[in-house]
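Participant: below are the sequence and a predicted model; questions follow.
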Amino acid sequence: RLKIATIGGGSSYTPELFEGFIKRKDELDIKEIWLVDIEEGKEKLEIVGAMAKRMIKAANLDWEVHLTMDRRAALKDADFVTTQFRVGLLDARIKDETIPLKYGMMGQETNGAGGMFKALRTIPVIKSIIDDMKELCPNAWLVNFTNPSGMVTEAAIKHFGWTRTIGLCNVPIVHQNIANAFEGLEPFSEELYFKFAGLNHFHWHRVWNKQGQEITDKIIDQQYGKDIAPEDMPEGVKNIPQMPFDYDLVKHEGLLPCMYHRYYYLTQTMLDLELEEYKENNTRAQLVKATEDRLFELYKDPNLDYKPKELSERGGTFYSDAACEVIASIVNDKRKVMVVSTQNKGAIADLPYDSIAEVSSYITSHGAEPIVWGSFKSAQRGMLQIMKAMEECTIEAAITGNYETLKQAFTINPLIESGEKADMVMNELLVAHKKHLPQF
Ligand code: NAD
Ligand code: G6P
Ligand code: MN
Ligand code: MN
């Protein structure tokens with residue numbers, strides 16, 4: 001029977017994760033789930049952990065749920081380690097998002113300067129988790145959800161040697177369900193065939209119907225057509241404003257962009273929106289903090305034993321349909337096609353063999369087998385290669401603490417104005433996050 005350890009168990013997403021495990025109770029023979037947190041998150045862990053126990057009881061399952069601050073006890077003999085932690089909690093995210101905005105640059109949890117600093121804080125912790133795993137659960141799978149998911153996964157596999165790592169994101173699932181809806185299909189229908197390729201929060205995709213016709217162009221028209229008002233666009237994720245893409249540009253590319261591409265294709269528009277929010281103390285991190293407070297008030301209710309609908313205010317809807325399904329697919333060798341961050345292995349000809357890409361893959365008992373995408377055209381290839389180089393420099397800086405390497409990463413990130421202003425943002429973030437950046 002399975003032992004699962006979840007690092008960052010005090011996250012408000014934990015009921016989502018438990019719902020996903022419960023839904024798959026016939027596929028997953030779970031013995032125990034260990035929720036791990038740290039002193040700062042202890043209160044959250046106790047509240048949401050009690051709620052998780054009620055969910056298991058309501059589902060009539062005999063699974064043990066352990067709440068602990070002792071990571072080593074949780075990791076001992078684990079089969080799966082899932083990660084959903086945030087170093088510095090939401091207060092650190094507020095800094096990630098507001099400090100760049102102060103200098104007129106995008107403030108976003110996984111993009112631009114903020115996302116890079118999230119990587120700098122997270123990568124040393126992932127290293128220490130892997131060091132423990134090498135000793136305590138050498139055969140376990142690491143299912144990483146912690147953002148920036150692509151960079152964290154690349155650090156885990158390429159630098160720390162944990163090849164049994166799979167990186168996840170909910171966004172591809174949201175895109176698949178949008179296409180399903182346009183085709184009159186139920187969410188999670190397996191009728192359409194999707195191919196995704198790129199990086200986490202920076203991928204494109206193509207779609208085919210059951211008859212073998214490519215319907216990418218048709219979905220582009222339905223989703224991003226010229227006359228579609230933002231309020232009529234299909235719902236994406238809660239954290240990204242529904243700005244219409246430049247239809248002609250997308251049409252010319254002939255590929256469906258990822259929701260996060262708005263930050264790169266519509267930079268000024270997105271920045272203006274962020275600056276409005278910043279003026280009113282309404283950045284996403286600040287909003288999420290208020291949502292989190294409300295959620296934890298709900299979780300305190302001793303009669304609540306299911307995931308409340310209010311959790312859908314968070315951007316991570318369908319989180320468990322990624323995390324729990326990957327686990328079920330590994331355990332049962334389902335060979336299901338899912339979009340994951342994994343070693344490229346030549347699937348995208350434009351990226352190095354050992355780079356981590358986010359790509360449609362078969363999920364087997366031995367891990368992810370990426371499906372060949374081929375080469376991108378010049379426009380996407382250029383962006384992709386710059387972004388990968390930016391990720392590589394960021395990861396290197398996270399490991400070495402080298403200031404100039406970080407400056408290189410800042411210089412090539414398309415969302416950062418290079419030069420004097422970049423130095424100011426970087427220096428201010430380094431000081432603000434000092435406590436969580438032991439490498440610098
Ligand atoms: P959060 O701020 O609630 O943090 C979750 C928990 O992590 C907290 O209880 C905190 O105490 C704990 N934590 C912090 N440092 C820790 C450490 N060293 N060891 C163990 N626990 C630690 O965060 P959240 O908003 O619930 O998000 C959790 C994470 O999941 C974030 O990294 C977020 O970016 C990520 N996320 C990813 C996706 C995706 O698509 N990949 C979607 C949603 C959220
Ligand atoms: C999205 C992304 C996640 C991101 C999250 C933010 O869907 O895929 O990577 O972390 O939602 O949601 P939040 O509610 O925290 O702003
Ligand atoms: Mn994501
Ligand atoms: Mn915003």
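Facilitator: It's in. Numbers count the residues shown, from 1 in each chain. Ligands and ions are numbered 1, 2, ... in the order given.
Participant: and the closest residue to ligand 2 within the stretch 251-400 of the chain, what does it touch?
Facilitator: Per Cβ to the nearest ligand atom, G315 is where the stretch 251-400 of the chain lies closest to ligand 2, at 2.4 Å. Every C-beta, even on glycine, is put in place using the N, C-alpha and C of the backbone. G315 is in contact with N170, V237, K238, N239, I240, counting by Cβ atoms under 8 Å, 6 or more residues apart in numbering.
Participant: run the last query once more with 7 Å
Facilitator: V237, K238, N239 (Cβ atoms under 7 Å, 6 or more residues apart in numbering).
Participant: cool, P148 as well?
Facilitator: T110, G115, K118, A119, N200.
Participant: please go through those residues and note which also touch ligand 2.
Facilitator: Counting by Cβ under 6 Å from any ligand atom, T110 from the contacts of P148 sit close to ligand 2.
Participant: which of the contacts of P148 sit farthest apart?
Facilitator: Greatest spacing in the contacts of P148, by Cβ to Cβ: K118 and N200 (12.2 Å).
Participant: what about whichever residue of the stretch 151-300 of the chain sits closest to ligand 4, how many residues nearby?
Facilitator: Nearest residue of the stretch 151-300 of the chain to ligand 4 (Cβ to the ion) works out as R284 at 4.4 Å. Residues within reach of R284, counting by other Cβ atoms under 10 Å, total 20.
Participant: quick check: closest non-adjacent residue to it.
Facilitator: N239 (5.3 Å; Cβ to Cβ, 6 or more residues apart in numbering).
Participant: A strand includes the one you found, no?
Facilitator: No: assigned with DSSP: H, G, I helix; E, B strand; the rest coil, N239 falls outside any strand and is coil.
Participant: backbone dihedrals for it, please?
Facilitator: phi -90, psi -10 (degrees, to the nearest 10).
Participant: what about it, neighbour count?
Facilitator: If you count neighbours by other Cβ under 10 Å, N239 ends up with 18.
Participant: low pLDDT regions in the stretch 101-250 of the chain?
Facilitator: Along the stretch 101-250 of the chain, the model assigns pLDDT under 70 to no residue.
Participant: for it, what lies in contact range of ligand 2?
Facilitator: Checking the stretch 101-250 of the chain against ligand 2 by Cβ under 6 Å from any ligand atom, the hits are E109, T110, N147, C169, N170, V171, V237, K238, N239.
Participant: just those that are near ligand 1?
Facilitator: E109, N147, C169, N170.
Participant: most neighbours among these, which one?
Facilitator: C169 (28 neighbours).
Participant: so that residue touches F202, yeah?
Facilitator: No: at 10.6 Å, C169 does not count as touching F202 under the criterion of Cβ atoms under 7 Å.
Participant: and the residue of the stretch 1-150 of the chain closest to ligand 2?
Facilitator: For the stretch 1-150 of the chain, Cβ to the nearest ligand atom, closest residue to ligand 2: N147, 5.0 Å.
Participant: enumerate every residue touching that residue.
Facilitator: E109, T110, K118.
Participant: quick one, phi psi at D227?
Facilitator: Torsion angles, degrees, to the nearest 10, at D227: phi -100, psi 10.
Participant: picking that back up, distance of the residue nearest to R284 from V171?
Facilitator: 10 Å (Cβ to Cβ, to the nearest Å).
Participant: enumerate the residues of the stretch 101-250 of the chain near ligand 1.
Facilitator: Within reach of ligand 1 by Cβ under 6 Å from any ligand atom, the stretch 101-250 of the chain has these residues: E109, V125, F145, T146, N147, S149, L168, C169, N170.
Participant: now name the helix or strand holding the second one.
Facilitator: With secondary structure defined by DSSP states H and E, V125 is part of helix 112-136.
Participant: what's that helix packed up against?
Facilitator: In terms of contacts (3 or more Cβ pairs under 7 Å, 6 or more residues apart in numbering; DSSP states H and E), helix 112-136 is packed against helix 71-75, helix 89-102, helix 149-154, helix 378-400, helix 420-432.
Participant: following element in sequence after the third one, please.
Facilitator: Right, the one you point to is helix 149-154. Once helix 149-154 ends, the next helix or strand along the chain (criterion: DSSP H and E) is strand 165-167.
Participant: and M116, how far from P414?
Facilitator: Here the criterion is Cβ to Cβ. By it, M116 lies 12 Å from P414.
Participant: higher neighbour count, these two?
Facilitator: Higher neighbour count among M116 and P414: M116, with 29 against 15, using other Cβ under 10 Å.
Participant: and the residue nearest to that one when sequence neighbours are not counted, what is it in contact with?
Facilitator: Excluding its sequence neighbours, the residue lying closest to M116 (Cβ to Cβ, 6+ apart) is T394, at 4.9 Å. By Cβ under 7 Å, 6+ apart, T394 lies in contact with M116, A119, M151, A409.
Participant: repeat the analysis, applying 8 Å as the threshold.
Facilitator: When contacts are taken as Cβ under 8 Å, 6+ apart, T394 is in contact with M116, A119, L120, M151, L406, A409.
Participant: using the three-state scheme, assign the last one.
Facilitator: Read it as A409. Secondary structure, three-state DSSP: A409 is helix.
Participant: isn't G150 right up against H201?
Facilitator: Yes: G150 is within contact range of H201, at 7.2 Å (criterion: Cβ atoms under 8 Å).
Participant: does the residue nearest to the spatial centre of the chain count as helix, strand or coil?
Facilitator: Centroid check for the chain by Cα atoms, centre = their mean gives C169 as the closest residue, at 3.8 Å. Under three-state DSSP, C169 falls in the coil class.
Participant: so it touches L199, yeah?
Facilitator: No: contact status for C169 versus L199: not in contact, 10.3 Å apart, counting by Cβ under 8 Å.
Participant: list residues touching both of those two?
Facilitator: The contact lists of C169 and L199 share S341, E358, where a contact means Cβ under 8 Å, 6+ apart.
Participant: run through the residues of the stretch 251-400 of the chain sitting next to ligand 1.
Facilitator: Contact residues (Cβ under 6 Å from any ligand atom) of the stretch 251-400 of the chain with ligand 1: G315, G316, Y319.
Participant: mind listing which of these are in helices?
Facilitator: Among those, DSSP state H puts Y319 in helices.
Participant: on that earlier part again, and the gap between the residue nearest to M116 and ligand 1?
Facilitator: The gap separating T394 from ligand 1 is 15 Å, by Cβ to the nearest ligand atom, to the nearest Å.
Participant: hmm, back to that, and for C169 and F202, which residues touch both?
Facilitator: What both C169 and F202 touch, as defined by Cβ under 8 Å, 6+ apart, is the set E358.
Participant: ok, G150 and H201, which is more surrounded?
Facilitator: G150 (28 against 24).
Participant: the more buried one and K95: what is the separation?
Facilitator: 22 Å.
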